[in-house]
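Engineer: quick one: sequence plus predicted model below, questions after.
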Amino acid sequence: MRTIKILSLLALLTGCTGIPEGVTPVTPFEVNRYFGKWYEIARLDHRFERGLSHITAEYSGNPDGSLRVINSGYSAEASERKQAEGKAKFVRESNEGYLKVSFFGPFYGSYIIFELDQKGYEYAFISGNDKDYLWLLARTPTVSDQVKSDFINKAKALGFATEQLIFVDQSSPVQ
């Protein structure tokens with residue numbers, strides 16, 4: 001019985017770091033090139049981002065080799081910018097775009113980069129542990145129609161609910 005409890009707890013703590021069927025993390029991946037500010041262009045809806053616009057994510061290195069993650073967005077309802085700080089770690093090798101991120105202590109969720117502009121690291125397609133989590137991030141507040149189309153087509157082919165995508169308001173920057 002004790003073994004079952006331990007295995008159940010282990011499954012609970014690691015259950016959110018899997019990879020959805022068909023999604024493959026990018027390789028090669030160079031974390032130092034990924035550091036910096038990214039703008040959220042599109043996403044599937046989640047309560048932790050609901051009502052926010054002008055959403056950004058900033059990545060930098062921590063002394064222990066993990067990544068510091070600062071997500072922020074503007075809440076028109078509260079008339080303020082909201083921010084959350086987290087930590088990301090590689091799940092396997094550091095040359096693969098497969099990380100786990102936590103904003104709540106020991107609880108981690110998958111962060112899978114499944115498409116990346118390898119030339120300039122200008123855009124990235126990201127999935128969570130299942131097909132309810134999907135993001136398009138870019139180095140600029142807007143992307144070309146071609147990048148949007150490629151994102152939608154690839155995500156749809158993988159089984160994501162692209163008809164439910166939210167395109168984030170990045171116009172008129174808010175401080």
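Structural biologist: The structure has been received and is ready for your questions. Numbering: from 1, shown residues only.

Engineer: so residue 170 sits against residue 142, correct?
Structural biologist: Yes: under the criterion of C-beta atoms under 8 Å, residue 170 makes contact with residue 142 at 6.6 Å. Placement of C-beta: from N, CA and C, glycine included.

Engineer: what touches both of these two?
Structural biologist: Shared contacts of residue 170 and residue 142 (C-beta atoms under 8 Å, 6 or more residues apart in numbering): residue 41.

Engineer: the more surrounded of these two?
Structural biologist: The residue with more neighbours, out of residue 170 and residue 142, is residue 170; 19 against 12, by other C-beta atoms under 10 Å.

Engineer: so the more buried one versus residue 157, what's the distance?
Structural biologist: Taking C-beta to C-beta, to the nearest Å as the measure, residue 170 falls 26 Å from residue 157.

Engineer: before we move on, what about residue 116?
Structural biologist: Residue 116 sits 17 Å away from residue 157, going by C-beta to C-beta.

Engineer: which one's more surrounded, those two?
Structural biologist: Legend: neighbour count by other C-beta under 10 Å for residue 116 and residue 157, higher for residue 116 (23 against 10).

Engineer: how about the more buried one: which residues does it bridge to?
Structural biologist: Applying DSSP bridges to residue 116 yields these beta-bridge partners: residue 124.

Engineer: doesn't residue 122 make contact with it?
Structural biologist: No: judged on C-beta under 8 Å, residue 116 makes no contact with residue 122 at a distance of 9.1 Å.

Engineer: spatially nearest residue to residue 138, not counting backbone neighbours?
Structural biologist: Leaving aside its chain neighbours, residue 138 sits nearest to residue 123 (4.5 Å; criterion: C-beta to C-beta, 6 or more residues apart in numbering).
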